[in-house]
Each structure stands twice: as C-alpha cells, then as structure tokens.
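Asker: following is a predicted model, sequence given first.
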Amino acid sequence: MEFTIGLAAAIMGAALAVGLACAGSAIGIGIVGQTAAGVVSEDPDKFGPTLLLQSLPGTQGIYGLLIGFLILQRTGVLGGNIVEMTVHQGFAVLFAALPIAIVGLFSAIAQGKAAAAGVLLIAKRPEELGKGIIYAVMVETYAVLALLMSIMILFNIQF
Amino acid sequence: MAIAKMKKVYLIAHQAEKNDVLAILQQVGVLEIGDLQDKDAGNTAWAELVESDQEQEALQALEGYLTDVRFALDFLNRHVPAKKSMLDALSASKTSIIAGDLSANAVEWKHVSEDTYKALRRIDEKLMSLRNEETRLQNLKLQLAPWQKLALPLEEVKVTTAVRVELGTLPVTEVDPARQALAEVVPTCYFEEIGRDRHDAYVLIVNHNDTVENIQTALKTHSYSKHQFPQLTGTPAEVLERIKTDLVNLEAERKVALTKVKEQAKHRDTLNFYNDYLTMERDKKQVVANFARTGKSFILEGWIRAGDVPNLQQKLESTCETVSLIAREPESGEVHPVALDNKKGFAPFEFVTKLYGIPSSTGLDPTPFLAPFWVVFFGLCMTDAGYGVAIALLASIGLLKIKGDSVRKLLWVLFAGGLSTIVFGWMLGGWFGLEIFGAPLVFNPLLDPMPMLTYALILGLFQIFFGMAIQFVRLLKQGKVFDALADVGLWVVLIVGLLLYIAPGMAGVAKTMSLIGAAGLVLTQGRTQPTIIKKLLSGVLSLYNITGYFSDVLSYSRLLALGLATGVIAIAVNTMAGLLQGPILFVPMVILLVVGHTFNVVINTLGSYIHSSRLQYIEFYNRFYEGGGRSFVPFQIKTRHLEVSPECPKLVNFAGLPLMQRF
C-alpha cells in the first residue's frame, strides 16, 4: 500500500465524516437521555417511548459511518487495491465528506434538543408521542440532504 | 371509507330506568355522551325545566372502593410481580363473562377483594414498622461502633453518691492537651481514650462529684461534648451483639410477611376482575354528571355513527319501556367528533393517520390516499429483500400472538411495508447486503445513484400532484369551481410549465404555460384583499410559494438516501464479518452478522417508518388536509381483564328474534 497525499486527504475525509457525525449523535443522544432519565424518575412506564425519542439523533452517526465506509470502499482502502489518485482527487473526496461531517455534527445536537423537548411533551401528554417524533424528524431532513450531497459528490468523482 | 357519517342523538327516559339505559349504552358502546350541563345556559325556559343530574354519593363510594382495590393490586404487583414478558402482556387474553352474570359475580369478588385488601394493608403496616425498627437499630449501631472497646456496662455511666462516670467526645487533636489540663487541675480524675475515628476521640472520664465544676472549666477550651446512651444496658459490645441478632430476627419477620403477600397473590385475578367491574360502575356514575333531569325523567345527548342508530334503538326498546331516542342529522356548521371508517385493507393505515392527528369533521380522511404511497416509500427506504422477509415474518408472528387492537394495526402496516420491501429489494437491492440471486432486477442505485434520485423526485412530484387533485375535486364538490381553478389549477399550469423547460424542444410551450400560470396567480391570489394595489401585491407575493413546491419535491430525495443507507450498512456488516475468517473465528463471525443485521433492520425500520409517515404529514397533507378534528370516543366498557359479552345467544333467541337475523 503506497500512501500519497491524495489518499491521505481521502482518508481524512472518511475520518471527519465518521468522527464529527458520530460526535454529534453522541451529544444529541446524551441530551435526550438526561431529560428522559428525569421523566422516567417520575414515571418508569415511559421508558419505551422516551427510548424511541432518544434513538432519533442517532441516525447522523450512521450517515457519517455510511459516507466513511463508502469513501474507504471507493478509494480501495477497504479491499486493499488502492485506487491511483491525484492530490486534487483526494481532496475532492475529502470535500465530499464535509456536508455530512458538518451537518451531521450540528443537526444531531439540534435534533437532540428537539427530541428532549419531545420527551417533556410526552411526560405531560403520552398520547402525543407521534407529534414529538415529527418535531425531531423535521431537523433530520437537513442531515438527509447533506448525506445526499455527500453521496452525489462521492459518486461523481471519477478516478 | 373516509369519515363516518354522524348523527346527533337525544335520549329521554324515566329515572327508574336510568341504570338499565346506562348498562345498555355501555355494553353496546356506540354512543359518545356529550355534556348537556351548560347547553342553552341562557335559555331560561330550559333552565327552569331541568336541573343538572348527578350521583355524587354513589360515585364517591365507588371511587373509595377503587382506591382500595388498586392499592391492593399495586402492593401485590410490587412485591410479587406477575411473571409476564412484554409479549405475554400484549397477547394476554381476557376472561369472558356474560353481562347478566356480572353483578352476581361482583358480590363474590367484593368479598374476596375486601379480605385481601385488609390482609395486605396489615402486611403493609407490618413491613413499615419493621423498616422503621431496622432504621433505628442501624443508627444505634453506627453510634455505638466507636465505643465497642468500653468494658463498662452502659447503665453504669451515671452519677453515683460520690463518683461521676461520663462518656464524651473531643477532636483527635485535643486529646493530649485535654489530658494534660485535667492532670493539672484534678489529679484524681480518670481519663481514658476508648476509641477514635478520623475526626473525633471517644473518651471515658471518671471523677469525684466535688470536682465536676473544675473539670468542666478545664475541658471548656477543648471542644469536649458529653455523650449519653439512656435506656441501654450492658457493655457496648454486648449491645451491638444484641442488635445483630435483632436485625437477623427483623429480616426473618420481613420474610414471613413477604410469604404472606405471596399467599395473597392467588387473589390477583379476582382483584383485577373487581377492579374492572368497579371501573365500569364508576364510569356509569361519572357520565351521569353530563345529564339533565326533571323530577321524574332524565335526558342525555350524544353523537353516534348513523349506521348504529337502529341497533341501539332496538337494544334499548327491547329492555326499557320509557326510552325515547331521537336522532337527527348534524346541522350545517355543527362540529361533530370524527370516527374513521375504512375498508378492511386500508383500516390498519388509520394508525399512520392518527399518529398525526384526527382530520376535521368537515375535512377528508387521508387514510386511503396515503396508504399506497406509504407502502411504496417504506419499501424504497429499506430496499433489501432479506430485511423485507424479516420484517414481514416478525409482523406476522406478532399478528398471530398479539390481540391489542391498535398494536395489530401497526403490525399490519409493518407487514405491508415488509412485503413492499421484498419487492423493491428484489428490484433495486440485495438480500442482507448480498447479491445471492444475481444483480438487482432493475438497476443498482449503489453503483449509480443518479437515476434513483430522479425516480424519487418524480414519485414526489406525483404525490404532490395527486394531493392537488384531491383538493381540486374537494373544492368542486363544495361548489367552489373558481377556487378550484385558481388555487389548484393555475399552480398545476405553472409547475408543469416550469417542468417542461427540462424537456427538449418544448421551450416554447413551457414559456407560454408558465407565463399563463404565473399571470393567473398574480391576478387571482390576492382576491380577498380590499384594494387593487393590495390585490396585485398579494398576487405577486403568492408566487413565492413556488419555493414551497420546490423544497417539498426535493424532500423526497430522502427515499434515495435512506435506501442507500440500509444497503451500505448491510454491506459494511458483511465486509467486517468477512474479515473474520478461519474455523476459530466462525462463531464471532456469525455473532457479528446476526447482531449487525439485527441492528440495521431495527434502526432502519424505525427510520423508514418515520420518514415514510413524515412525507405524508408534511409534503402530502400540505395540499389538501384539514386537521383539528376531535376523536370519537364512545361511552363503552373499558376493562383490561374481563371480556364482557352480551347475553348468550340462546337468551336473545328466546327474546323473539328469528335465528337468521342474528347470523
């Protein structure tokens, strides 16, 4: 395996996508968990619905992992047959990772806050779980759009 | 399909038959009882005629019994949990009972429940006093621990005729200075350190009664404080030993009390039945507060599905003599509660509809319209035939086992989603991330995502146009032809015109259509404004809504993104498992495959469910949906352990109904 600057840049892209998006998800899930634990201390039966809400900011991490995996696969790092690439191509791959890295980080935190508010909503009105979920999912749209753009850029870089 | 037709119902009957009427209404369970209390509040003739009806005393008595029974049940469940997994709880079958047998059984239940309640109450008090005693002993144990080495019985720590014996504490650093000070002032006094912990030393002082004041003065500067153990006999070590045995005894007593709770657990079913029975009775008394009454009669009002009127009428008239039931159509503008009635295939999707809310009583039930889209979207978000099989299989197992009505609806929805996933997985994806049965039938979005994006957006555009068509027809049916043409038609013209720019050789048509559409919107969208200038201004501003259509269509790109996510994670799991090769690593590999794919199915089913629903609620509903309805909640039996059936068929038969009519 011969390392070039291009390849290193591409790997940095994978690292950023996974690192930042997963960090965002961790923070987001943590925020919801804190609120949920408070609600469950009053009513242990709400564990199920609060867990559902807590899982919502977890998707950004998965999207990040997805892009990281795709980068490793397309550059051949995963299979062992590394694709020849120029510095420009390597950096293009790095930039492809940026949408999901940046949006994954911030949207997961924002979604965590919305989901935590959803937990408070079902603390008072358990029947409104659906609406709490929808509020949180409104945030996720932008993570999905970022994921889409990352995929689009990545698939359109020709090696 | 769609929203059920409702009728407003008034029911008048004699007070003497109130209980019978209530029992029938609860048993049939088709009438939502409204509040007559503040109806026509300004109407003095009405107010003079009737007064509010209520049965406060009976209600309070029932509430009292309910509190007792629920205490007993809570107490039992806390100490002797009913051994049930979640699946058991969902599939738990109710015990059948005939309505006529209820009150006879209730006497027996009441008897058993009251005895159980008293027994459990006694055990509760016993447990509480045991707990208090234990806390007291534990505290004492802590206090005595530092004195363990004192050889003197505690009852000897007192003032005798000549000598004073005293226990006390002082900071560790003060021990030596205090000892010196005492030796100087009262050489005859005895000072012994019994023990010490991190901060304090525990000391014994024995001195002659004449020197008490001198000693107090000498110790004043050394933060000395006296310590007393009244009512204890024996040396601290002996007392500690006694406490130890006492604690063991307490634990034994607690165990005995808990076995007594276990003995009472056999009455759990009876308690549950009685709880159900009391809840039914309580509900009947509670609803009376909504009635109005005269001296001898009472009146109630409510809403009922139009189709249920004859059935209720027949049931009431066959039992009661004085009942009069009057049903009428809702007046225009009168808001009625909303019940969704859909054909069998669509009914489960009411679960998706209700997650968002109930449509308005003047609106449209979106269930049959959203169902096909939802199924297709779910399949596209999952796009793995293997996962589809897993979801469909799990859902059907659940359907065989689980009885709860709303859970079953969800399972049917997931089952349909699973089937759709198999189809789309076969066409566009793999089987658990592998291409076991060759390449996908249509194409593989993982190799080339662009066509899939186009299809997703076209699908979105189609659903949005479909929503607009629904609104168009709805406005036409309401006779608002102009609104339909201006608010829906012109937008279609504009959007189609703009889209045609993409098509080659259509630029001319595209230009004309979009110009007509845009001009039409500018001219019509401000028509509610008062002045010409404002009319035009709002018209121009309305064109800004094009961004709404644009972003709504783009939103469907999530179908591609989520579909790819499922596929890529599945491949990632397989790749990681593939790294574990060789006979030793076989078991870890299998574990990784099972855990990885299970995780992927769970997280993506949740994601697909939510995102498929969201596309309905935000993008589709936006075109035609009118929300804010109130759910129809009929007065009915709400039991968790009893299944109350009407009279057994034989009895009904004797009541004079021909057999054919019943079946």
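Answerer: Cool, the structure landed.
Asker: which residue, other than its chain neighbours, is closest to the residue lying farthest from the centre of chain A?
Answerer: The C-alpha centroid of chain A is most remote from A:Glu42, which lies 31.2 Å away (Cα atoms, centre = their mean). Excluding its sequence neighbours, the residue lying closest to A:Glu42 (Cβ to Cβ, 6 or more residues apart in numbering or on different chains) is A:Ala123, at 7.2 Å. Any C-beta I mention is one placed from the backbone N, CA and C, and that applies to glycine too.
Asker: what's the burial count for the one you found?
Answerer: 18 (other Cβ atoms under 10 Å in any protein chain shown).
Asker: and B:Gly295, by the same measure?
Answerer: Neighbour count of B:Gly295, defined by other Cβ under 10 Å: 7.
Asker: show me what contacts the closest residue to chain B within chain A?
Answerer: Among the residues of chain A, A:Gly130 lies nearest to chain B; the distance is 3.5 Å by Cβ to the nearest Cβ. A:Gly130 sits next to B:354-356 when contact means Cβ atoms under 8 Å, 6 or more residues apart in numbering or on different chains.
Asker: those: which ones sit near chain A?
Answerer: B:354-356 (Cβ under 8 Å from any Cβ of the partner chain).
Asker: how about TSV for those, with neighbour count and pLDDT added?
Answerer: As requested, the ones next to chain A among the contacts of A:Gly130 are exported to TSV (neighbours: other Cβ atoms under 10 Å in any protein chain shown; pLDDT from 0 to 100):
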residue	neighbour count	pLDDT
B:Lys354	17	87
B:Leu355	19	85
B:Tyr356	20	86
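Asker: which one of the residues you listed is nearest to chain A?
Answerer: Comparing the ones next to chain A among the contacts of A:Gly130 against chain A with Cβ to the nearest Cβ places B:Leu355 closest, at 3.5 Å.
Asker: in three-state terms, label the closest one for me.
Answerer: The local conformation at B:Leu355, judged by DSSP: H, G, I helix; E, B strand; the rest coil, is helix.
Asker: ok, it - contacts?
Answerer: By Cβ under 8 Å, 6+ apart, the contact set of B:Leu355 is A:130, B:613.
Asker: what's the distance between it and B:Ser613?
Answerer: When distance is defined by Cβ to Cβ, to the nearest Å, B:Leu355 is 6 Å away from B:Ser613.
Asker: how many residues are close by A:Ile31?
Answerer: Burial of A:Ile31, expressed as a neighbour count using other Cβ under 10 Å, amounts to 22.
Asker: now do the closest residue to it other than its chain neighbours, the pLDDT please.
Answerer: Of all residues beyond its chain neighbours, the one nearest A:Ile31 is A:Gly112 (3.8 Å), with distances taken as Cβ to Cβ, 6+ apart. Model confidence at A:Gly112, given as pLDDT, is 96.
Asker: same question, B:Val28
Answerer: According to the prediction, B:Val28 has pLDDT 87.
Asker: got the contact list for it?
Answerer: Contacts for B:Val28 (Cβ under 8 Å, 6+ apart) come out as B:308, B:311-312, B:315, B:636.
Asker: still on that earlier bit, the residue nearest to A:Ile31: which element?
Answerer: Assignment of secondary structure by DSSP states H and E places A:Gly112 within helix A:87-124.
Asker: what comes up buried for that helix?
Answerer: By neighbour count, and taking 16 or more other Cβ atoms under 10 Å in any protein chain shown as the criterion, the buried residues in helix A:87-124 are A:89-94, A:96-116, A:118-119, A:121-123.
Asker: of the contacts of A:Gly130, closest to B:Ala4?
Answerer: Distance from B:Ala4 was checked for each of the contacts of A:Gly130 by Cβ to Cβ. The minimum falls on B:Lys354, at 14.2 Å.
Asker: so what's the closest one up against?
Answerer: A:130, B:340, B:631.
Asker: the least confident helix or strand in chain A by mean pLDDT and chain B, are they touching?
Answerer: Within chain A, confidence by mean pLDDT, DSSP states H and E is lowest for helix A:47-55 among all helices and strands, at a mean of 87. Yes - under the criterion of Cβ under 8 Å from any Cβ, chain B is reached by helix A:47-55 at A:52, A:55.
Asker: packing partners of that helix?
Answerer: Counting contacts by 3 or more Cβ pairs under 8 Å, 6 or more residues apart in numbering or on different chains; DSSP states H and E, helix A:47-55 is packed against helix A:5-42, helix A:87-124, helix A:129-156, helix B:586-614.
Asker: what residues of the last one count as buried?
Answerer: The one in question is helix B:586-614. Counting neighbours by 16+ other Cβ under 10 Å, helix B:586-614 gives B:589, B:592-593, B:596-597, B:600-601, B:603-614 as buried.
Asker: my guess is B:Ser420 contacts B:Val376. True?
Answerer: Yes - with contact defined as Cβ atoms under 8 Å, B:Ser420 counts as touching B:Val376 (6.2 Å).
Asker: how about the residues of chain A by chain B?
Answerer: Within chain A, the positions near chain B by Cβ under 8 Å from any Cβ are A:52, A:55-56, A:58-59, A:62-63, A:65-66, A:69-70, A:78, A:130-131, A:133-134, A:137-138, A:140-141, A:144-145, A:147-148, A:151-152, A:155.
Asker: ChimeraX command to pick out the buried ones of those?
Answerer: Paste this into ChimeraX to select the buried members of these, with burial taken from 16+ other Cβ under 10 Å:
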select /A:52,55,56,58,59,62,63,65,66,69,70,78,130,131,133,134,137,140,141,144,145,147,148,151,152,155
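Asker: show me which residues of chain B sit near chain A.
Answerer: By the criterion of Cβ under 8 Å from any Cβ, the positions of chain B lying close to chain A are B:354-357, B:448-450, B:453, B:554-555, B:557-558, B:560-562, B:564-565, B:568-569, B:571-572, B:575, B:603, B:606-607, B:610-611, B:613-614, B:617-618.
Asker: repeat that with 6 Å
Answerer: B:355, B:449, B:557-558, B:561, B:565, B:568, B:572, B:610, B:614 (Cβ under 6 Å from any Cβ of the partner chain).
Asker: give me the angle between the helix holding A:Gly112 and helix A:47-55.
Answerer: For helix A:87-124 against helix A:47-55, the angle between stretch directions is 150 degrees (axes from the mean of the first three to the mean of the last three Cα atoms, to 10 degrees).
Asker: helices or strands next to helix A:87-124 in the packing?
Answerer: Helix A:87-124 sits against helix A:5-42, helix A:47-55, helix A:59-75, helix A:129-156, with contacts defined as 3 or more Cβ pairs under 6 Å, 6 or more residues apart in numbering or on different chains; DSSP states H and E.
Asker: quick check, nearest of the residues of chain B next to chain A to B:Asp68?
Answerer: Closest to B:Asp68 out of those is B:Leu355 (37.6 Å), distances taken as Cβ to Cβ.
Asker: low-confidence ranges in the chain?
Answerer: You didn't say which chain, so I picked chain A. Counting by pLDDT under 70, chain A has low-confidence residues at A:1.
Asker: actually it's chain B I care about, not the one you picked
Answerer: If you take pLDDT under 70 as the line, chain B has these spans: B:1, B:37-44, B:83-93, B:647-663.
Asker: run the chain-centre distance for the helix or strand containing B:Ser318.
Answerer: Counting by DSSP H and E, the element that carries B:Ser318 is helix B:309-319. For helix B:309-319, the distance from its own C-alpha centre to the chain's C-alpha centre is 35 Å (Cα atoms, centre = their mean, to the nearest Å).
Asker: hmm, who's touching that helix?
Answerer: Residues outside helix B:309-319 that contact it (Cβ atoms under 6 Å, 6 or more residues apart in numbering or on different chains): B:7, B:20, B:24, B:28, B:30, B:323, B:325, B:327.
Asker: grab the two from the residues you listed that are most spread out in space.
Answerer: Distance extremes for the contacts of helix B:309-319: the farthest pair is B:Lys7 and B:Asp20 at 22.5 Å, using Cβ to Cβ.
Asker: and B:Glu301, backbone torsions?
Answerer: The phi and psi torsions at B:Glu301 (degrees, to the nearest 10) take the values phi -120, psi 160.
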